[in-house]
Each structure stands twice: as structure tokens, then as C-alpha cells.
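>>> A structural model of the following input is requested.
(one chain, ligands or ions: 1)
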Amino acid sequence: MNHFHHNASLPVILTVAGFDPSGGAGTAADLKTFASHNCYGVAAITALTTQNTQGVSAVEPVKSTMLRDCLETLLADGQIRAVKVGMLATRSNAEVVCEFLDSNAALPAVLDPVLRSSSGMELLDAAGFEFLRDHLLERALVVTPNTEEAAALTSLKVENVESMKAAARKLVEMGARAVVVKGGHLEKPVDVYFDGTELETFSADRVKTDNFHGTGCTFSSAIAANLALGRHLHDSVMLAKAYVTEAIRKAYPTGPGRLPLNHLFRMQQGARSADLSPAVAEPVH
Ligand code: PLP
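Here you go, the predicted model:
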């Protein structure tokens, strides 16, 4: 007999991604994003990384047998409502995720086809990227490439709104069910949404996103959270966009490099600015 009082439960969301010890990207960003949407996050880690605000310095993939065990163990609890797939590191990890998506085809999956970090570190090997393109793309409800990833997936040049639209169309022809091509790094930042029928262009952040870290991770996990809450894909994408924009606006530096987003800004609403500045410890004598 369980004596605990049962509260109304929050949807459980799974992230399958890399671990960023500096907290700005990967599973750390995803779990904070889920929490900020009143969802409960669980994480299967595909790789450890070493990084800080100044960039990624090393990647250590997790063994695919360990990843498979982790996914099966989490799944056995029977509560997962949505999944976000981010950095995969290796082809063998991408294959494990493919098996997982196949045996859970009803689970809405958001695929962020992470190729490399903004600092230039490879986050998925070449064979893994081909596997993602040929097998994972069609298994996700939505895929969210930036312009570089869209170009690598489609072999098209993607450098303006027209070519982003062409890439979105080609990705759907290649099997994607829906696509958001993120143009945050373009001169005129615009995102393109295409679900096979509706093609929509919406203006992205006016803030220059190049100086932020983990924007793509946060966007895809916010889409997954909105899907887990029962929202339609289009609404989920629009709400995720608004969330990322606000988390960018409320960002604060945690080091001399790029700014992580403020994933938990909703918790801090109403807090005095002094409460948010770093504590200055009194020396202990
Ligand atoms: N580290 C991990 C674990 C990631 O998943 C990613 C992006 O997906 C990054 C680092 C790089 O993030 P950014 O390019 O925003 O710095």
C-alpha cells in the first residue's frame, strides 16, 4: 500500500542528447526547458562533452549498448509522452535511436539534426549523419535543422529565405513529416515552417543569435514539451519560438563566452534584480 499522496501528474518527456556540463545546451538545457513548461524530464545521454561558454573542447560518446539499456529502462516505467532527439555523436547511437522510434511509433518525436557546435566541434560522425538523413528524418514528427544542417541534409545551398523554402520542401520529399528551417544566423533572421501543405515564414529573433549557446536544443525541447501538453504541431512551434525569444531576452552571462539562454525565466518573474546577480560571499574569518 502506497501512503504517498498522489498529485495530478505532469507529462513525462524524454530527451536523447549529449551532456553539456556548462548547462547551456544538450540534456541540461532540455530538462530545464521541460521543467519550465510544467513537464517532467528524463534523459538518455548519448555523449559526454567538455565545454564552457567559450566552446566545446572534447566529446566522449556513450556506448550504444549503454544507450539502448538506458532507453529500455526509462521506457519500462511506461509514462513517456514525447521525445526530443538531439546530439547523437555516432552512427551506432543513431541506430539505437532508430530502433527505439520504430518500437514506439506513436510517440511524437522532435528531431534536432545536430551536426556540429557553433564553435566548430563535430557532434555527429559522417556515417551517423548519413544514417540520420536516410532513416531518422522520416521517423520524426518534425525536424528542426539550422541552415547549415538543412544544406548538409539536402545538398542544396541554403543561405536566404528562398533557399530555406526549397530545402524545407526537399526535406519533406525526402520523408520528413514536417520541418522548421531555422534562419537565426542569417542577415535577416527568418524561420521557415513546412508540414507538407502549409508553408509559413515567420520572422525570428531580432536579437542577433550568434552570441547565444544552446538555442537549437532549447527550441526543439520546447516543441516537444508543447506536444506532450497536447498542443498541435503548428501551435507547438509558435509557442516554442516565443519561449526561446523570451529566454534569450532574459539571458545573463555565466562566463566570458557565449550566453546560455535563461531557461527558467518564468520562475524568476517578480524576483528583484539583486536576487539574480551573483552572490558576493563575505570572507569567513
Ligand atoms: N553541446 C551539446 C551537448 C549539444 O547538444 C549542442 C548542440 O546541439 C552543443 C553543445 C552546441 O550548441 P551551440 O552550437 O548552441 O553552442
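
>>> contacts, neighbours, all on C-alpha from now
Fine.

>>> check which helix or strand covers K188.
Using DSSP states H and E, no element contains K188; it sits outside every helix and strand.

>>> can you tell me how far it is from the ligand?
Distance of K188 to the ligand, computed by C-alpha to the nearest ligand atom, to the nearest Å: 19 Å.

>>> contact partners for the residue positioned nearest the centre of the chain?
The chain has C217 as the residue nearest its centroid, 2.6 Å off, counting by C-alpha atoms, centre = their mean. Residues in contact with C217 (C-alpha atoms under 8 Å, 6 or more residues apart in numbering) are 25-26, 29-30, 86, 112.

>>> what's the closest of the residues you listed to the ligand?
Of all the contacts of C217, the ligand sits closest to G26, with 3.8 Å by C-alpha to the nearest ligand atom.

>>> so what sits opposite the closest one in the bridge?
F19 (DSSP bridges).

>>> which pLDDT value does the model give it?
G26 carries a pLDDT value of 98.

>>> repeat for S118
Confidence at S118, expressed as pLDDT, is 86.

>>> try R206
59.

>>> ok so, going back, any idea which element the residue nearest to the centre of the chain lies in?
helix 215-228.

>>> buried ones in that helix, by neighbour count?
For helix 215-228, burial by neighbour count (16 or more other C-alpha atoms under 10 Å) applies to 215-228.

>>> which of those come close to the ligand?
215, 217 (C-alpha under 6 Å from any ligand atom).

>>> using CSV, please lay out the buried residues of helix 215-228 together with pLDDT.
Shown next, in CSV, are those (pLDDT from 0 to 100):
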residue, pLDDT
T215, 95
G216, 96
C217, 97
T218, 98
F219, 97
S220, 98
S221, 98
A222, 98
I223, 98
A224, 98
A225, 98
N226, 98
L227, 98
A228, 98
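
>>> and the closest residue in space to A105 that isn't next to it in sequence, how many residues sit next to it?
What sits nearest to A105 in space, not counting adjacent residues and going by C-alpha to C-alpha, 6 or more residues apart in numbering, is R139, at 7.7 Å. Other residues near R139 come to 20 when the count uses other C-alpha atoms under 10 Å.

>>> show me the shaky parts of the stretch 101-250 of the chain.
Residue ranges of the stretch 101-250 of the chain with pLDDT under 70: 204-210.

>>> near the ligand, which residues of the stretch 51-200 of the chain show up?
Counting by C-alpha under 6 Å from any ligand atom, the stretch 51-200 of the chain sits next to the ligand at 86-87, 114, 117-118.
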